[in-house]
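Q: what's the 3D shape of this:
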Amino acid sequence: MRALIPLSLLSLMAVPGMAETPWSHLHLPKAQKKVAGTSQPNLLSPGLAEVIVAQGATPLENPTALLDRYGFVANGPMLPAPGDLQAPGHNVEASKTEPDKNTYLILQHQTGADPAYDYGTHFLFQGHETGKGSITRINLDADGDHRVTLLADSDVNGQPLPTYDGSTWNPFAHRLLFTCEAGTSGGVWQATLDLPSKVQDLGGILGRGGYEGIQVDAQGHIWIVEDAGGKAGTLYPHAKQANSFIYRFIPKDITNLLAGGRLQALQVLSLAHAGPIVFNAADLDGQIRSQDLKDLHTYGKTFQVRWVTLHDTSVDGTVPYDANALAKAKSATPFKRPENGVFRPGSNFREFFFTETGDTNLLTEAGAEFGGFGALMQMTLPEAGADHGTLRLFYRCDPTHSGLDNIAFWGEHHVVAVEDAGDTLHSQRNALDSAYLFDTRADYSQAGSEPIRILAQGRDDAATLDSGLLSVSGSGFQNEGDNEITGFHVSDGDPSTHGLLGAKVPTAFEDGWRVFYTQQHGDNRTWEIIRLNR
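A: Residues are numbered from 1 along each chain as shown. The predicted structure follows:
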């Protein structure tokens, strides 16, 4: 089965001479295999290459006792010694911080740990997902000694930061926003750009939840995609109940989130019965293979959606609250681990695409029919900020294209979604993660229609070693195994409201638009994808 590749990709990825390249050579035909004890290189579409902008071993210019390098906690050696064994209180290898989502900004007058150094104007910000919570800034114009700055590892009250996953820039409040997907300990934190960054917990405003994807629209509303895994079924032990929600926060003052506002959740009206699709705690197995879940993952069906208010700080106060529990109580609609979402450029913030990761298990009893392998969904509003709209399945995943996570628009009609299939599914299908480019005008319900694989991620030496250590039963090894694609980000770095993701049509590699991603786990390399001029 071959991918149906739109001719417009030739212009999107063009390099001198590429116009004559057969379209079959633009699509990478297969993923990199997972072979025990063997590392694999990353493969990119012809005409593309990647360069490292930072990696786990890169020293921080302002280290602390626990954080001295970009991707490591200072609690063990960077490489295991031959024959060393993991034991309580003794790590054979330092814990890895796993830099996650990337946010690119062009800024003036940024300072760092060295007051005499010129840090330039191009910066990449990350939260770190494991080990020890922190916020870092990659100084893209700087030399090696000043390459990475630790902006914060504690908040304004001196509390340690949680581990972060998502990030974005809020130009209305001039704050970075970071999300933590730790359930009732998760939430959203905002951070200033200065050093040290002043970080504030917004749990009493936006609530607690397994928050991951986060975006700001042109009206200053905050959109949050939750990744909260559900329980496995009894009849269906390899499938999990939908347990995550899509949220929207409407601030009282878009320049100051601390002023409060209303948190809402998305509600989808059923096609199979009267009323909305809701979480069913009494019938876990029944919901895993419900008609509603089947309809949601069927091409050609359109659902009516609306926002329901969960919490209003002017009425309910600012004590931290459980957003996931409120979403269930207020009859919002759960999804199969949605993780990230983004607005389509040129849609005036009316079209929102979000990913579902699914069960990440080839044995899922939900199968593709009930969303077991995930999906790419499209929500459309009649106008920006509307309280109602429609939802449809844009792409239904299968074992080959599964576990979609990060998402970023490459152009007006092309969006990249990357896999986080996980070690189990990697082994089951003998294939590591890939990044796919989708055409929003395509009809993927047609037989033979597939997205274009532009990145077949390999597995670096460190991740190969970690995978082996992790596979030893009872070892207690704390680091992840196979590499994961995360932080896929396409931006021109504009920090103004005109630079909101979705406000401009990206032109990758042209007019200042840059493409970044992080090869998480292993060496924790953050890459910039570039176009080869040949």
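
Q: Kindly provide the distance from residue 120 to residue 90.
A: Distance, residue 120 to residue 90, using C-beta to C-beta, to the nearest Å: 41 Å. Any C-beta I mention is one placed from the backbone N, CA and C, and that applies to glycine too.

Q: what does residue 383 give?
A: Residue 383 is 59 Å from residue 90, by C-beta to C-beta.

Q: quick one: the strands in the stretch 251-400 of the chain?
A: Taking DSSP state E, counting those that start in this stretch, the strands of the stretch 251-400 of the chain run over residues 261-268, 302-312, 338-343, 351-356, 375-380, 388-396.

Q: among the ones you listed, which is nearest residue 63?
A: Among these, the nearest to residue 63 by C-beta to C-beta is strand 338-343 (30.9 Å).

Q: what sits against residue 256?
A: Residue 256 is in contact with residue 173, counting by C-beta atoms under 8 Å, 6 or more residues apart in numbering.

Q: where's it relative to residue 172, distance?
A: Residue 256 sits 9 Å away from residue 172, going by C-beta to C-beta.

Q: And for residue 487?
A: Distance, residue 487 to residue 172, by C-beta to C-beta: 23 Å.

Q: These two - which one has more neighbours?
A: Neighbour totals were compared for residue 487 and residue 172, and residue 487 leads with 26 against 20 (other C-beta atoms under 10 Å).

Q: how far off strand 338-343 does the one helix or strand the more buried one maps to point, in degrees?
A: Per DSSP states H and E, residue 487 falls inside strand 484-491. Strand 484-491 and strand 338-343 are oriented at 10 degrees to each other (axes from the mean of the first three to the mean of the last three C-alpha atoms, to 10 degrees).

Q: Using CSV, write out every CA atom in strand 484-491.
A: Extracted in CSV, the C-alpha atoms of strand 484-491 (Å, rounded to 0.1, in the frame of the first residue of the first chain):
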residue,chain,number,x,y,z
GLU,A,484,10.4,9.1,21.7
ILE,A,485,9.7,11.9,19.3
THR,A,486,8.4,14.9,21.3
GLY,A,487,8.4,18.7,21.1
PHE,A,488,7.8,18.9,17.4
HIS,A,489,7.5,22.6,16.9
VAL,A,490,7.3,24.9,13.8
SER,A,491,7.5,28.6,14.6
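
Q: Neighbouring strands of it in the sheet, and parallel or not?
A: Sheet pairing for strand 484-491, assigned by DSSP bridges, gives strand 514-520 (antiparallel).

Q: hang on, isn't residue 335 packed against residue 245?
A: Yes. Residue 335 is within contact range of residue 245, at 7.1 Å (criterion: C-beta atoms under 8 Å).

Q: which residues are common contacts for these two?
A: Applying C-beta under 8 Å, 6+ apart, one finds that no residue jointly contacts residue 335 and residue 245.

Q: Throw the strands of the stretch 251-400 of the chain into CSV and include mean pLDDT, distance to residue 234 and mean neighbour count, thanks.
A: CSV is the format used below for those (pLDDT from 0 to 100; distance: least, C-beta to C-beta, whole Å; neighbours: other C-beta atoms under 10 Å):
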stretch, mean pLDDT, distance to residue 234, mean neighbour count
strand 261-268, 98, 26, 24
strand 302-312, 98, 28, 18
strand 338-343, 97, 24, 25
strand 351-356, 98, 23, 25
strand 375-380, 98, 24, 21
strand 388-396, 98, 26, 19
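
Q: how about the helices in the stretch 51-200 of the chain?
A: For the stretch 51-200 of the chain, applying DSSP state H, counting those that start in this stretch gives no helices.

Q: quick one: the strands in it?
A: 67-69, 72-73, 99-106, 122-128, 135-139, 148-152, 167-170, 175-180, 187-191, 199-201.

Q: Nearest approach to residue 440 belongs to which of those strands?
A: strand 167-170 (21.2 Å).

Q: how about the residue nearest the centre of the chain, what does it touch?
A: In the chain, the residue lying closest to the centroid (C-alpha atoms, centre = their mean) is residue 406, at 3.7 Å. The contact partners of residue 406, by C-beta under 8 Å, 6+ apart, come to 101, 339-340, 355, 417-418, 420, 485-488, 517.

Q: got those as TSV, with distance to residue 134 columns?
A: Below are those laid out as TSV (distance: C-beta to C-beta, whole Å):
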residue	distance to residue 134
101	14
339	21
340	21
355	26
417	27
418	23
420	21
485	21
486	16
487	15
488	21
517	20
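
Q: Closest one to residue 470 out of those residues, please.
A: residue 420 (16.3 Å).

Q: which phi and psi does the residue lying closest to the closest one once chain neighbours are set aside have?
A: Distances taken as C-beta to C-beta, 6 or more residues apart in numbering place residue 405 nearest to residue 420, at 3.9 Å, with adjacent residues excluded. Main-chain torsions, residue 405, degrees, to the nearest 10: phi -130, psi -90.

Q: list the contacts for residue 509?
A: 515, 530-531.

Q: which residues touch residue 68?
A: Residues near residue 68 by C-beta under 8 Å, 6+ apart: 59-60, 74.

Q: any idea how far residue 217 is from residue 285?
A: Distance, residue 217 to residue 285, by C-beta to C-beta: 37 Å.

Q: between those two, which one's more packed in?
A: Under the criterion of other C-beta under 10 Å, the comparison of residue 217 against residue 285 puts residue 217 first, with 21 against 17.

Q: What pLDDT is listed against the nearest residue to that one once chain neighbours are set aside?
A: Using C-beta to C-beta, 6+ apart and skipping the chain neighbours, the partner closest in space to residue 217 is residue 349 (4.5 Å). Listed pLDDT for residue 349 reads 98.

Q: Residue 349 - how many residues pack around it?
A: Residue 349 has 22 neighbouring residues, counting by other C-beta under 10 Å.

Q: Ramachandran angles for it?
A: Dihedral angles (degrees, to the nearest 10) for residue 349: phi 60, psi 30.
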